[in-house]
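> Sequence below, structure please.
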Amino acid sequence: MAIYAIGDVQGCCDALQRLLDHLRFDPASDQLWLAGDLVNRGPQSAATLRLVRALGDRAVTVLGNHDLHLLAVAAGGKRGRRDTLEDVLDAPDRDELLHWLRQQPLMHASRDGRWQMLHAGLPPQWTIAEAAAHAREVEALLRGPDASPLLRHMYGDQPDCWDPELTGWPRLRFIVNAFTRLRYCTPDGRFAAEPKGAPGSQPDGLLPWFAVPGRRSAGSRIVFGHWSTLGQVHWPDAQVWGLDTGCVWGGRLSALRLDDEKLSGIDCAQYRRPGHEGD
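Okay, the predicted model is just below:
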């Protein structure tokens, strides 16, 4: 049995199928981890959701910002200018796909706790146990009958720093932003929403979330996506693996075999001219 973690698919279902063929993925014995953003920007969001859903317990995906955005739009929220979500919103099985997506976690761990997966990042103040607890707070609302208010209130960049005394929508918004949008922050954990380039391009005073000294989640192996300009990376000192390699922008779709930490991937046909790749 092998466990493969895969970066952002973003509606590129054909590429995902080619990668599974390349890996010789066997659903009878192997397991698939997907680092979020199954949908949007690419042409096959509905097909991607159907493929992953059909794998049942042989696949797990965490929620990314585009996945949550789809849920928000389906609940009546405003569509983005570059959204490509119509094939899901107009699908005959729309309700089943959206219900399945709402059940997915923000954070996933291996049974032995050795590996963690999330879409974007963790604030330096959170331990792994605290992060898991905060993820459950949001997941409980998403899976319940009152998900729509959360999906309306999750947008925005404030609060930009964690405080355990936060309550209500500000608390939940920060948790969502951490798991699905975080790239850079200050050494004391203040979230910076705008910089999206590779390390070295950010303004002074900002660090990649995984490079903050004293990060309390250090020591756990973490796989994540979201950061296409970062690319396929392994930062050994931080024990993190970045797997978003911009498939939808004509880059690659990347995979990490957790058993032996082997990175691999396939080249992707460009769907959209690169713009704000990290959105």
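
> what does the helix or strand of the chain with the lowest mean pLDDT rub up against?
Ranking every helix and strand in the chain by mean pLDDT, DSSP states H and E puts strand 233-235 at the bottom, with a mean of 82. The contact list for strand 233-235 (CB atoms under 8 Å, 6 or more residues apart in numbering) reads 210-211, 240-242, 261, 263. From N, CA and C alone the C-beta is placed, and that goes for glycine too.

> Kindly state the beta-bridge partners for the nearest residue to residue 108 once chain neighbours are set aside.
Distances taken as CB to CB, 6 or more residues apart in numbering place residue 117 nearest to residue 108, at 4.7 Å, with adjacent residues excluded. When assigned by DSSP bridges, residue 117 has beta-bridge partners residue 108, residue 223.

> before we move on, the earlier item: for the least confident helix or strand of the chain, buried residues please.
residue 233 (16 or more other CB atoms under 10 Å).

> strands paired with it, and their directions?
Assessed with DSSP bridges, strand 233-235 is paired to strand 240-242 (antiparallel).

> List the buried residues of the strand it pairs with.
Buried, per 16+ other CB under 10 Å, within strand 240-242: 240-242.

> What's the first helix or strand after it?
Downstream of strand 240-242, the next assigned helix or strand under DSSP states H and E is strand 252-257.

> What is the following helix or strand past that following strand packed up against?
Note on strand 252-257: by DSSP H and E, the next helix or strand toward the C-terminus is strand 262-267. If you count contacts as 3 or more CB pairs under 8 Å, 6 or more residues apart in numbering; DSSP states H and E, strand 262-267 packs onto helix 13-23, strand 252-257.

> quick one: average confidence on the first one?
So that's helix 13-23. For helix 13-23, the mean per-residue pLDDT is 97.

> about what we covered before: for residue 151, state which of the contacts of strand 233-235 is nearest.
residue 242 (27.0 Å; CB to CB).

> So what's the residue count around the residue lying closest to residue 35 once chain neighbours are set aside?
Leaving aside its chain neighbours, residue 35 sits nearest to residue 225 (3.5 Å; criterion: CB to CB, 6+ apart). For residue 225, the neighbour count with other CB atoms under 10 Å is 29.

> switch to numbering from 378
Understood, numbering begins at 378; the last thing we discussed is residue 602.

> Run a quick check on residue 602 versus residue 441, I expect a contact.
Yes. Residue 602 is within contact range of residue 441, at 6.6 Å (criterion: CB atoms under 8 Å).

> what residues are shared contacts of those two?
With CB under 8 Å, 6+ apart as the test, residue 602 and residue 441 both reach 385, 412-414, 496-497.

> just these now: which is nearest residue 532?
residue 497 (15.3 Å).

> What separation do you get for the spatially most central residue of the chain and residue 465?
In the chain, the centroid-proximal residue (CA atoms, centre = their mean) is residue 496; its distance is 2.4 Å. Distance, residue 496 to residue 465, by CB to CB, to the nearest Å: 18 Å.

> show me where the stretch 378-527 of the chain has strands.
380-383, 408-411, 436-438, 484-486, 492-495 (DSSP state E, counting those that start in this stretch).

> Turn those strands into CSV, columns for mean neighbour count, mean pLDDT and distance to residue 423.
As requested, these are exported to CSV (neighbours: other CB atoms under 10 Å; pLDDT from 0 to 100; distance: least, CB to CB, whole Å):
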stretch, mean neighbour count, mean pLDDT, distance to residue 423
strand 380-383, 22, 98, 18
strand 408-411, 22, 98, 16
strand 436-438, 21, 98, 15
strand 484-486, 20, 98, 23
strand 492-495, 24, 98, 23
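
> Quick one: closest of these to residue 623.
Smallest distance to residue 623 across the strands of the stretch 378-527 of the chain (CB to CB): 13.5 Å, for strand 380-383.
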